[in-house]
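Trainee: Below: sequence and its predicted model.
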Amino acid sequence: MATTPSPADTPISGRHRVAVVGGGSAGISVAARLRRAGVTDITLIEPSDTHWYQPLWTLVGGGQAPLSTTRRPEGSVIPDGVRWVRSRAVAVDAEASTVRLSGGDHLAYEYLVMAPGIQLDWNGVPGLAEAVGHDVVSSNYTPEYAPRTWDLIKRMRSGTAVFTHPATPLKCGGAPQKIAYLAADHWRKQKVLDGIRVILVIPDPAMFKVPAWSHVLEKVAARYGIEVRLRSEMTGVDGDARQLTLTDHSNGTRETIGYDLLHAVPPQSAPDWVKDSPLADSASPQGFVAADKHTLQHPHHDNVFSLGDVANLPTSKTGAAVRKQAPVVTANLLDVMNGRPPSHRYDGYTSCPLVTARDRMLLAEFDYDLNPTPSFPLLDPFKERRTMWAFKRYGLPPIYWRGMLTGRL
């Protein structure tokens, strides 16, 4: 990988063969694979100067990894030969095949790959935007707050700790639970857990969508004495009073709970400009991009593909899902470029590394039909393992940086 030209050196006039919107794991992976396949004239639209490895933010918040290990300069991960336009996409005209950029320019494309990621809607819960990052409220969903989570956990010796999960699709769906387990395990080792009320708020009827893993997580929560509120959601925060409102969607009742630590995960959606675009799926309340769940091709625009968090697919939004989606998008895009129908299929594979203790983890892998699809079939996937924790902490990051982002894995 080499640093690509600066914006001043990057022409955007003319029609580009392939435009990739988003320089996160999904966009970079597809761009790298297209380059390896010999495709030229690829333009990547990404405003950020920093590329983050977000799966480690839970361990940052749990005091198990430094934040510095999760970031690299964006230019260092952009594949050689890919043109980097350091601007923000703000609109797309699918009929004219153009993307409008934040500076007012329009970039024309022959083929479009949509991978702008997901939007954190802090204003989706009244009071949350004002409370997060202040006093005793934090969130591992942004790099500026993740280290703060660990500071709050270390300082806590008694009181009430609340960990919330929004009622929208979200990236890394297991993360709201994982930090609760890491915190509880730390407090147990510090011999203060008995003095802390731990509440885990989950909007779903079960702790995990695959029943076998849900049963294991029920036992994990019970081990720590965690009070699990199913079918419930945080619907308001008063940071000054250190109080939140929980709504039980099974009966509509509301409860005010005081807290001494709040780890809040905001509602999430497609970026606003994507919601307003012709590519948004009308069936998605959050405005995610419409895509055939197997080919990842847009149902109305054959020259558009999407993957990653922005795609409206019935599977969990994880980096592991992107790792399986990127080869399918690449192969099917090449098919379309060569006048053939898409021939590759994505089966919904996703993976949720569920950290259950400071040295234990479950690796939940499954497909669209919720069938377990273990990468290590000789190991019982429903058993917490130290080796799986080590794999997440030390094995997956180099696989990500050196394999996935380079198009090798």
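Mentor: Yes, it's here.

Trainee: Which residue is the nearest non-sequential neighbour of residue 250?
Mentor: Using C-beta to C-beta, 6 or more residues apart in numbering and skipping the chain neighbours, the partner closest in space to residue 250 is residue 231 (4.3 Å). For the C-beta atoms, the positions are set from N, CA and C on the backbone; glycine is no exception.

Trainee: can you pull out the strands in the stretch 251-400 of the chain?
Mentor: Assigned by DSSP state E, counting those that start in this stretch, the strands in the stretch 251-400 of the chain fall at 254-258, 261-263, 268-269, 304-306, 350-357, 360-366.

Trainee: What mean pLDDT does the third one get?
Mentor: Along strand 268-269, the predicted local confidence has a mean pLDDT of 98.

Trainee: just the fifth one next, same as before
Mentor: Averaging pLDDT along strand 350-357 gives 96.

Trainee: Tell me which residues are up against that strand.
Mentor: Residues outside strand 350-357 that contact it (C-beta atoms under 8 Å, 6 or more residues apart in numbering): 55, 58-59, 62, 172-174, 177-178, 181-182, 185, 208, 213, 217, 220, 315-318, 320-321, 324, 361-367, 375, 384, 388-389, 392, 396.

Trainee: ok, now stretch 32-47?
Mentor: Contacts of stretch 32-47 (C-beta under 8 Å, 6+ apart): 12, 16-24, 27-28, 31, 74, 78-89, 99, 101-102, 107, 109, 326-327, 330, 333-334, 337, 405-407.

Trainee: Just the buried ones among these, please.
Mentor: Buried members of the contacts of stretch 32-47, counted by 16 or more other C-beta atoms under 10 Å: 12, 16, 18-24, 27-28, 31, 74, 78-79, 82-89, 99, 101, 107, 109, 326-327, 330, 333-334, 337, 405-407.

Trainee: Show residues contacting stretch 377-385.
Mentor: 212-213, 216, 220, 356-357, 360-365, 372, 374.

Trainee: hang on, the earlier thing: please identify which of the strands of the stretch 251-400 of the chain is closest to residue 134.
Mentor: strand 261-263 (10.6 Å; C-beta to C-beta).

Trainee: Starting from that closest one, tell me which strands it pairs with and how they run.
Mentor: Looking at strand 261-263 with DSSP bridges, its partner strands are strand 137-138 (parallel), strand 159-164 (parallel).

Trainee: Dump the C-alpha coordinates for the last one into PDB.
Mentor: Put plainly, it is strand 159-164. What follows is strand 159-164, C-alpha atoms only, in PDB (Å, rounded to 0.1, in the frame of the first residue of the first chain):
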ATOM      1  CA  GLY A 159     -24.000   1.900  42.700                       C
ATOM      2  CA  THR A 160     -25.900   1.100  39.500                       C
ATOM      3  CA  ALA A 161     -24.300   0.500  36.100                       C
ATOM      4  CA  VAL A 162     -26.600   0.400  33.100                       C
ATOM      5  CA  PHE A 163     -25.600  -0.900  29.600                       C
ATOM      6  CA  THR A 164     -28.000  -0.200  26.800                       C
END
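
Trainee: Just the buried residues of that strand, please?
Mentor: Result for strand 159-164 [16+ other C-beta under 10 Å]: buried residues 160, 161, 162, 163, 164.

Trainee: Let me know the secondary structure of the closest residue to residue 308 other than its chain neighbours.
Mentor: Excluding the flanking residues, the one nearest residue 308 by C-beta to C-beta, 6+ apart is residue 26, at 3.1 Å. Here residue 26 is recorded as helix under DSSP: H, G, I helix; E, B strand; the rest coil.

Trainee: follow-up on the earlier one: what's the most buried one of the strands of the stretch 251-400 of the chain?
Mentor: Comparing these by mean neighbour count (mean count of other C-beta atoms under 10 Å), strand 304-306 comes out on top with a mean of 29.
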